[in-house]
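Visitor: below are the sequence and a predicted model; questions follow.
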Amino acid sequence: MAPDRKARVSVVTGGALGIGGAISRRLAASGDLVILNDIDPEAAERTAAEITASGGQAVTVIGDVVEDSTIARITEAAREAGRIDVLVNNVGDFRPAAKSFQDSTSDQWQRLYELNLLHVFKLTHALLPTMIEQGYGSIVNNSTVEAFRGIPQHPVYAAFNAGVSAFTRSLAVATGRHGVRVNAIAPDLANTEQTPVEWMRRGYDEGLEHTWVPLARFGEPDDYAAVVAFLASEDARFITGHTIPVDGGTLAASGWFVRADDQGWTNRPHRA
């Protein structure tokens, strides 16, 4: 199917699985032509095929978004589509991880920088001029609740995501007069391939979600995608510069504690 040149064009990084996959599917279902970037070619093509089978439109750009060559191909695909309405900088990861900051390495810091912040600068820098020229656009970044509450074993990851939220605020102030809005979401506890429920529970707190998450369940990918879609839509036309926690209430309620056995930290309740 040839792309519909009149459709809104949305770029989604990490758009094949988990939160990113849900974002791609939801935007496509609303009529967007989705330029879907992902490092996993099989997952990207599978998600694009699902979108097409449902009557939507998707173009895949395979590659690691931290690489300049991938940024260039995403940019070219967007230009080929003729417009850029929405940019979702979804990629981020807490890995590579170390058991403590003092055990981490500068190579790990560099990779975390590239995965969580640097590519956000690069792709936004590449696509923003077109949005400014158009006089409209919406950018939605993916931060994390850990940028606001602290996470003892992942301070570098938290720091770079705090940078995502700071970048979001400052860029929103600069681009608002050009008709470009910039917002972010801060997820927590997403039941995805990367962080499945079984991994989050670790086998010892099943049934106690209500003591950990005020809404008494873990988030599903579409919970986050729905907020991204809202922020990208005209319904959010007077919202810019904000990071919206999408966390079931954990940021309002939670804290980190040293385990009673002194074996690290936890924010998960234990059975009595």
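Guide: It's in.

Visitor: going forward, measure contacts and count neighbours with C-alpha atoms only.
Guide: Will do.

Visitor: I'd assumed Asn183 was in contact with Ile139.
Guide: Yes. Counting by Cα atoms under 8 Å, Asn183 is a contact partner of Ile139 at 6.3 Å.

Visitor: ok, Asp188 to Ala162 distance?
Guide: Using Cα to Cα, to the nearest Å, one gets 14 Å for the distance from Asp188 to Ala162.

Visitor: wait, Ile62
Guide: 28 Å.

Visitor: which residues are in contact with the nearest residue to Arg149 once chain neighbours are set aside?
Guide: In space, and not counting its chain neighbours, Arg149 is closest to Leu251: 7.0 Å by Cα to Cα, 6 or more residues apart in numbering. Taking Cα atoms under 8 Å, 6 or more residues apart in numbering as the criterion, Leu251 is in contact with 145, 148-149, 245.

Visitor: now do the helices in the protein.
Guide: With DSSP state H as the criterion, the chain has helices at 18-29, 41-53, 68-81, 106-113, 119-134, 146-149, 155-175, 197-201, 209-212, 221-232, 250-253.

Visitor: comparing the ones you listed, which gets the lowest mean pLDDT score?
Guide: Lowest mean pLDDT of those: helix 197-201, a mean of 73.

Visitor: hmm, who's touching that one?
Guide: 189, 191, 218.

Visitor: recalculate using a threshold of 10 Å.
Guide: 189-191, 193, 203-204, 206-209, 217-220, 268-269 (Cα atoms under 10 Å, 6 or more residues apart in numbering).

Visitor: give the buried residues for it.
Guide: 197, 200 (16 or more other Cα atoms under 10 Å).

Visitor: any idea how far it is from the middle of the chain?
Guide: 20 Å (Cα atoms, centre = their mean, to the nearest Å).

Visitor: returning to what we had before: so what sits against both of Ile139 and Asn183?
Guide: In contact with both Ile139 and Asn183: 88, 168, 171-172, 228, 231-232, 240, using Cα under 10 Å, 6+ apart.

Visitor: returning to that earlier point: can you select the buried ones from the contacts of Leu251 in PyMOL?
Guide: To isolate the buried members of the contacts of Leu251 in PyMOL, using 16+ other Cα under 10 Å:
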select buried, resi 145+148+245
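
Visitor: my guess is Pro41 meets Gly15, correct?
Guide: No. The criterion here is Cα atoms under 10 Å, and Pro41 misses it with Gly15 at 11.0 Å.

Visitor: joint contacts of these two?
Guide: Joint contacts of Pro41 and Gly15 (Cα under 10 Å, 6+ apart) are 47, 60-61.

Visitor: so which of those is the closest to Val213?
Guide: Of all the shared contacts of Pro41 and Gly15, Thr47 has the smallest distance to Val213: 29.8 Å, by Cα to Cα.

Visitor: what score does Asp4 have for pLDDT?
Guide: Predicted confidence (pLDDT) for Asp4: 47.

Visitor: one step back: deepest of the helices of the chain, which one?
Guide: Of these, the one with the most neighbours on average (mean count of other Cα atoms under 10 Å) is helix 18-29, at a mean of 25.

Visitor: which strands and helices lie in contact with it?
Guide: strand 9-13, strand 33-38, helix 41-53, strand 57-62, strand 86-89, helix 221-232 (3 or more Cα pairs under 10 Å, 6 or more residues apart in numbering; DSSP states H and E).

Visitor: neighbouring strands for the fifth one, and are they parallel or not?
Guide: The reference is to strand 86-89. strand 9-13 (parallel), strand 137-142 (parallel) (DSSP bridges).

Visitor: wait, which of those is closest to His154?
Guide: Ranking the strands paired with strand 86-89 by proximity to His154 (Cα to Cα) places strand 137-142 first, at 16.7 Å.

Visitor: so how far is the closest one off the chain centroid?
Guide: With Cα atoms, centre = their mean, you get 10 Å for strand 137-142.

Visitor: which residues touch the residue nearest to Ala43 when sequence neighbours are not counted?
Guide: Of all residues not flanking Ala43 in the chain, Ala16 sits nearest, at 5.6 Å (Cα to Cα, 6+ apart). In this structure, Ala16 makes contact with 22-25, 36-48, 60, judged by Cα under 10 Å, 6+ apart.

Visitor: one more time with 7 Å
Guide: By Cα atoms under 7 Å, 6 or more residues apart in numbering, the contact list for Ala16 reads 38, 43-44, 47.
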